[in-house]
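Undergrad: The sequence and its predicted three-dimensional model are supplied below.
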Amino acid sequence: MAEQPEKLTKNPHDAYFRHVMSEASAAEGELRAVLPESVAAEMDWDAMELQSCSFVPKELQSRYSDVLYQTRWKGREAFVFVLMEHQSSSDNLMAFRMLEYMVAIWNRYLRKTPGARRLPVVIPVVVHCDPQGRRWSAPTELSDLLDIDPGARAALGDCLPRLRFLLDDLGATDVAALRARQLTEVTKVLLVTLKIAPGNPRLGQDLLPLTRELRVLIEHYPREFDQVVAYLWDVGQTDLAGFAPLIDQLGPRAKEMMMTAAEQFRTEGRLEGRADSLRDQLTIKFGAVPDRIVSLLRVADVSQLRNWNARVLTANTLDEVFAE
């Protein structure tokens with residue numbers, strides 16, 4: 001698998017995830033929540049260095065986002081690879097995909113380190129975010145994907161690959177538990193909004209538990225708050241009036257920032273990007289998109305695109321997505 005250059009993307013989940021997780025302090029909080037305590041204790045968090053690359057192939061970039069950090073673990077070179085899955089069902093072959101990505105990371109290391117005789121540890125982490133709230137259901141260990149009977153499995157023993165990735169299943173974690181983690185406010189808001197925002201028409205109510213964290217962003221990290229608001233406009237189905245309960249708690253400055261973001265969302269020509277993103281999702285799920293559907297996407301307004309984007313998560317056919 002070839003390494004991909006750091007990508008420009010129209011995928012809102014990818015853009016938001018990479019924006020936050022590209023900060024080492026944000027990534028550290030998430031990783032400490034996922035890694036075994038003994039592993040986290042030996043990690044050199046001060047040496048965390050983001051790598052400007054991606055290993056997700058172009059055709060899968062609407063389903064996955066990834067970041068790679070180089071650091072040191074137990075005094076030796078190490079990498080931490082974090083992949084976020086943002087689709088409506090667990091990838092049954094994820095353990096195999098993670099093996100592919102790890103091999104690509106090792107190949108990259110060998111190209112940059114001529115003469116190396118050993119490979120650095122790569123710690124694989126998957127953050128799963130099902131927009132429908134479903135829990136992860138696929139294997140997390142590569143050997144569980146092998147089609148062999150129990151007797152053959154026992155006979156082969158250590159000959160079978162034992163790769164297992166660490167899983168942070170947001171669908172199995174409620175908002176209160178996410179807020180209780182030792183994370184930066186920016187990371188808490190990221191995880192909660194990834195979990196509840198897509199297709200949500202009640203964000204003004206459902207985001208109320210994040211009032212304290214959002215106030216911190218408004219006061220100290222206004223750029224991060226702008227990023228959150230842009231994500232909410234892009235993936236949610238809540239209009240400005242629907243945000244009223246949250247705005248009442250956050251105050252006039254939040255209202256001004258949200259109104260500015262709404263206007264920017266309308267005037268920046270985001271419709272084209274949303275249509276392209278939806279077309280990518282349709283292609284991945286249903287195959288080649290017919291010309292009649294492409295024509296619909298070109299003339300759709302933001303409300304139609306939001307509705308179709310929500311439907312594609314659960315639809316079994318193209319007709320179900322575009323049914324009146």
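TA: Received, thanks. Residues are numbered from 1 along each chain as shown.
Undergrad: State the number of residues packed around residue 59.
TA: A total of 10 residues lie near residue 59 under the criterion other Cβ atoms under 10 Å. C-betas here are computed from N, CA, C, even on glycine.
Undergrad: And the helices in the stretch 51-200 of the chain?
TA: 94-112, 150-156, 175-180, 185-196 (DSSP state H, counting those that start in this stretch).
Undergrad: deepest of those helices, which one?
TA: Per-stretch averages of neighbours, counted by mean count of other Cβ atoms under 10 Å, single out helix 185-196 among the helices of the stretch 51-200 of the chain, with a mean of 23.
Undergrad: could I get the helices of the stretch 51-200 of the chain as JSON lines with mean pLDDT?
TA: What follows is those, written out as JSON lines (pLDDT from 0 to 100):
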{"stretch": "helix 94-112", "mean pLDDT": "96"}
{"stretch": "helix 150-156", "mean pLDDT": "89"}
{"stretch": "helix 175-180", "mean pLDDT": "94"}
{"stretch": "helix 185-196", "mean pLDDT": "95"}
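Undergrad: out of those, which comes closest to residue 45?
TA: helix 185-196 (14.1 Å; Cβ to Cβ).
Undergrad: Identify whichever of the helices of the stretch 51-200 of the chain lies nearest to residue 203.
TA: Nearest to residue 203, of the helices of the stretch 51-200 of the chain and by Cβ to Cβ, is helix 185-196 at 7.6 Å.
Undergrad: Which elements pack onto the closest one?
TA: In terms of contacts (3 or more Cβ pairs under 8 Å, 6 or more residues apart in numbering; DSSP states H and E), helix 185-196 is packed against helix 12-21, helix 24-34, helix 175-180, helix 211-220, helix 222-235.
Undergrad: Contacts for the shortest one, please.
TA: Residues outside helix 175-180 that contact it (Cβ atoms under 8 Å, 6 or more residues apart in numbering) are 170, 188, 191, 192, 195, 196, 209, 210, 213.
Undergrad: try 7 Å this time
TA: Here helix 175-180 makes contact (Cβ atoms under 7 Å, 6 or more residues apart in numbering) with 188, 191, 192, 209.
Undergrad: doesn't residue 170 make contact with the second one?
TA: Right, the one you point to is residue 191. Yes. Counting by Cβ atoms under 7 Å, residue 191 does reach residue 170; the two are 6.2 Å apart.
Undergrad: Phi, psi for residue 282 please.
TA: Backbone torsions of residue 282, given as degrees, to the nearest 10, read phi -60, psi -40.
Undergrad: Now do the residue nearest to it when sequence neighbours are not counted against residue 175, distance only.
TA: Closest residue to residue 282 apart from its sequence neighbours, by Cβ to Cβ, 6 or more residues apart in numbering: residue 289 at 5.1 Å. Residue 289 is 35 Å from residue 175, where distance means Cβ to Cβ, to the nearest Å.
Undergrad: what do you get for residue 32?
TA: 19 Å.
Undergrad: can you check residue 252 too?
TA: 26 Å.
Undergrad: So for the one residue sitting closest to the centre of the chain, what pLDDT did the model give?
TA: Centroid-nearest residue in the chain, with Cα atoms, centre = their mean: residue 84, separated by 3.7 Å. pLDDT recorded at residue 84 is 93.
Undergrad: For it, list the residues it contacts.
TA: Going by Cβ under 7 Å, 6+ apart, residue 84 touches 17, 64, 65, 127, 129.
Undergrad: and of the residues you listed, the nearest to residue 45?
TA: Once Cβ to Cβ is applied, the member of the contacts of residue 84 that ends up nearest residue 45 is residue 127, at 18.5 Å.
Undergrad: isn't that closest one right next to residue 168, touching?
TA: Yes. Using Cβ under 7 Å, residue 127 is in contact with residue 168, at 4.7 Å.
Undergrad: Listing request: residues of the chain with sub-threshold pLDDT.
TA: The chain contains residues with pLDDT under 70 at 1-10, 88, 264-273, 299, 324.
Undergrad: again, 80 this time
TA: 1-11, 62, 87-89, 131-133, 261-276, 291, 295, 298-303, 324 (pLDDT under 80).
Undergrad: picking that back up, is the residue nearest to the centre of the chain bridged to anything, and to what?
TA: residue 65, residue 127 (DSSP bridges).
Undergrad: Now do it against residue 101, distance only.
TA: For residue 84, the distance to residue 101 - Cβ to Cβ - is 13 Å.
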